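**Q** next input, structure requested:
(2 chains)
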Amino acid sequence: MFKILKQSSKSKARLTRLKTAHGEIMGPFFMPIATKAAVKNLNPEELKVLGAQIILSNTYHLMLTPGEKLIKENGGLAKFMNWSGPILTDSGGFQVFSLARLRKITEEGVTFSDPASGKKYLLTPENSMSIQQDLGVDIAMAFDDVIGYPAKKSQIKESMERTTRWASRCKKSHILKKQMLFGIVQGGTYKDLRLRSAKDLTDLDFDGYAVGGVAVGEPREKMKDILNWVVPILPLNKPHYLMGLGRPEEIIQAVRLGIDMFDCVIPTREARHGRLYLWSSELSLRGGSRRRPTKQSKLLFPHFVRGRNNNWYKTINITNAKYRADFLPINNTNLKQYSKAYLHHLFATNEPLAMRLATLNNLDFYLRLMKEIRQQIKTGKL
RNA sequence: GUGGCCUUGGUGAAACGGUUAUCACGCGAGUUUGUGGCACUCGCAUUACGGGUUCGAUUCCCGUAGGCCACC
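**A** Residues are numbered from 1 along each chain as shown, chains lettered A, B, ... in the order given. I've put the predicted structure just below:
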């Protein structure tokens, strides 16, 4: 099911292959986010072309609309949305923490009301499992209790221990054999809590392990500490998933610390606000100095393994006035045929195509980044 | 031609003669980490022009320019 094809000698990075019911995934990999059964502005065919191997969707959103039963009736989430590859769903633990109103946590589960309708719902480890099994996804996540930062250690401990008890209940009610189930390590920024959580979850024997409760307001440097504590005591022969992260340099750092899987709203959400992720090598390509395609492909992938700085990529805000008359291509990969000035205009006039092109750019960047990471592990550079 | 009303950022509107001229949109620049496209932060004005009264004028008076309405 899960195989490590190569272990880096320079770091804890590994080149991996994960077999799922809907196909194989080469890791480390990034999952574009399709919260409500759609990656915003793109269709599944385009995701394939971009190189997406798997997408992430949400228990919380789909149970509210259209309801998991309807999707089950339609043959499962993949068929419902016409995506032929693997899907991972989040359990709803994070969403009831970040989105729901009037959240009440008890040992049984979480009651909350949907801000849109006002209706009350109950999410428990058992029905989170049931919903994810109805959706028929390849990877289900255990229902966890997420807590923000800062919080008292006693509260973090309580939520971590509850997460472990819930994980055990998830295990018991998970009967769909072809679906993998991942546990989620909690414990905030405390080493003893993180270690406890990781150990207890390992004892429950999951198909993969996620590090959760990161990027919930804690200082950024803490992430490295957390991964340094947790990853070494997770089973080596299981996938390691860092939930919700992150920026390109954070992903590379996490890969070095042994993480195989990522998801993040950054590329798609920021695209909708006009922020584009670009390779620095592309920005230095000025009009006039045309290069041959063969040389260009080398230029696109900088040796980001060297040095600590992040100047191998840049972000620009295409809505900035300085792009009004910038007739250079948006990028030199999948959007060479459109100029920055055109995209600037699309944002200025609020054309739907604006978000679409920006999303195509950012996902191309993220998925190429992952491809490059795999290549560099393969060739011993990372 | 005569009389009346009017002129405040890019746009539309506020401000009894009294702090740094307010609000919305727009524009300019940011924030965004297991997704609302939401939201938030910061910046953007010689109050049409020229005079006068006053301790102090967007506010009161006179003139000029421009706009709207009515009448001959």
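
**Q** mind checking the end-to-end distance for stretch A:260-274?
**A** 29 Å (CA to CA, to the nearest Å).

**Q** try stretch A:324-332
**A** Its start and end residues considered, stretch A:324-332 measures 19 Å (CA to CA).

**Q** so how far is that stretch off the chain centroid?
**A** Here the centre of stretch A:324-332 is set off from its chain's centre by 29 Å, with CA atoms, centre = their mean, to the nearest Å.

**Q** for that stretch, give the mean pLDDT please.
**A** Here stretch A:324-332 scores 93 as its mean pLDDT.

**Q** now do the buried residues in that stretch.
**A** For stretch A:324-332, a neighbour-count test (16 or more other CB atoms under 10 Å) marks A:326, A:328, A:329, A:330, A:331, A:332 as buried. C-beta here means a position set from N, CA and C on the backbone, and glycine is covered the same way.

**Q** repeat that for stretch A:170-185.
**A** Within stretch A:170-185, the residues that count as buried by 16+ other CB under 10 Å are A:170, A:171, A:174, A:176, A:179, A:180, A:181, A:182, A:183, A:184, A:185.

**Q** also near RNA strand B: which of those, exactly?
**A** residue A:184 (CB under 7 Å from any atom of the strand).

**Q** for the residue nearest to the spatial centre of chain A, give me phi and psi.
**A** Among the residues of chain A, the one closest to the centroid is residue A:263, at 0.4 Å (CA atoms, centre = their mean). Dihedral pair for residue A:263: phi -150, psi 150, per degrees, to the nearest 10.

**Q** so what pLDDT did it get?
**A** Per-residue pLDDT puts residue A:263 at 97.

**Q** what sits against the residue nearest to it when sequence neighbours are not counted?
**A** In space, and not counting its chain neighbours, residue A:263 is closest to residue A:31: 4.2 Å by CB to CB, 6 or more residues apart in numbering. The neighbourhood of residue A:31, defined by CB atoms under 8 Å, 6 or more residues apart in numbering, consists of A:52, A:54, A:55, A:56, A:88, A:261, A:262, A:263.

**Q** do residue A:234 as well
**A** A:185, A:198, A:202, A:209, A:240, A:258.

**Q** how about a cut-off of 7 Å?
**A** Going by CB atoms under 7 Å, 6 or more residues apart in numbering, residue A:234 touches A:198, A:202, A:209, A:240.

**Q** most neighbours of all the residues you listed, which one?
**A** Counting neighbours by other CB atoms under 10 Å, residue A:240 comes out on top of the contacts of residue A:234 with 28 neighbours.

**Q** what residues does it make contact with?
**A** A:209, A:231, A:234, A:258, A:259, A:260, A:261.

**Q** look at it and report its pLDDT.
**A** For residue A:240, the model assigns a pLDDT of 98.

**Q** ramachandran coordinates for it?
**A** Residue A:240 adopts backbone torsions of phi -120, psi 120, taken as degrees, to the nearest 10.

**Q** which SS state does the closest residue to residue A:191 other than its chain neighbours fall under?
**A** Nearest residue to residue A:191, sequence neighbours excluded (CB to CB, 6+ apart): residue A:229, at 5.1 Å. Classification of residue A:229 by DSSP: H, G, I helix; E, B strand; the rest coil places it in helix.

**Q** ok, now residue A:19?
**A** Residue A:19 - assigned by three-state DSSP - is strand.

**Q** next one: residue A:24
**A** strand.

**Q** check residue A:6 too.
**A** strand.

**Q** for it, what are its contacts?
**A** Here residue A:6 is in contact with A:14, A:15, A:377, A:378 (CB under 7 Å, 6+ apart).

**Q** the third one: neighbour count?
**A** Read it as residue A:377. 24.

**Q** quick one: the strands in the stretch 1-150 of chain A?
**A** Secondary structure of the stretch 1-150 of chain A (DSSP state E, counting those that start in this stretch): strands at A:2-7, A:14-20, A:23-27, A:29-31, A:55-58, A:87-90, A:101-105, A:110-113, A:120-123, A:139-141.

**Q** out of the buried residues of stretch A:324-332, which is nearest to RNA strand B?
**A** Nearest to RNA strand B, judged by CB to the nearest atom of the strand, of these is residue A:326 at 11.5 Å.

**Q** what does the closest one show for phi and psi?
**A** Torsion angles, degrees, to the nearest 10, at residue A:326: phi -90, psi 100.

**Q** contact partners for it?
**A** By CB under 7 Å, 6+ apart, the contact set of residue A:326 is A:339, A:340, A:341.

**Q** was I right to think the second one contacts residue A:328?
**A** Right, the one you point to is residue A:340. Yes. With contact defined as CB atoms under 7 Å, residue A:340 reaches residue A:328; the gap is 5.9 Å.

**Q** tell me the buried residues in the longest helix along chain A?
**A** When chain A is parsed with DSSP state H, its longest helix is helix A:352-378. Within helix A:352-378, the residues that qualify as buried are A:354-370, A:372-374, A:376-377, counting by 16+ other CB under 10 Å.

**Q** what's the closest of the contacts of residue A:326 to residue A:69?
**A** For the contacts of residue A:326, the closest approach to residue A:69 (CB to CB) belongs to residue A:340, at 46.1 Å.

**Q** which residues in the stretch 201-350 of chain A form strands?
**A** Going by DSSP E, counting those that start in this stretch, the stretch 201-350 of chain A shows strands at A:208-211, A:240-242, A:261-263, A:275-279, A:313-317.

**Q** looking at the ones you listed, which is nearest to residue A:71?
**A** Of all those, the one in closest proximity to residue A:71, counting by CB to CB, is strand A:261-263 (20.1 Å).
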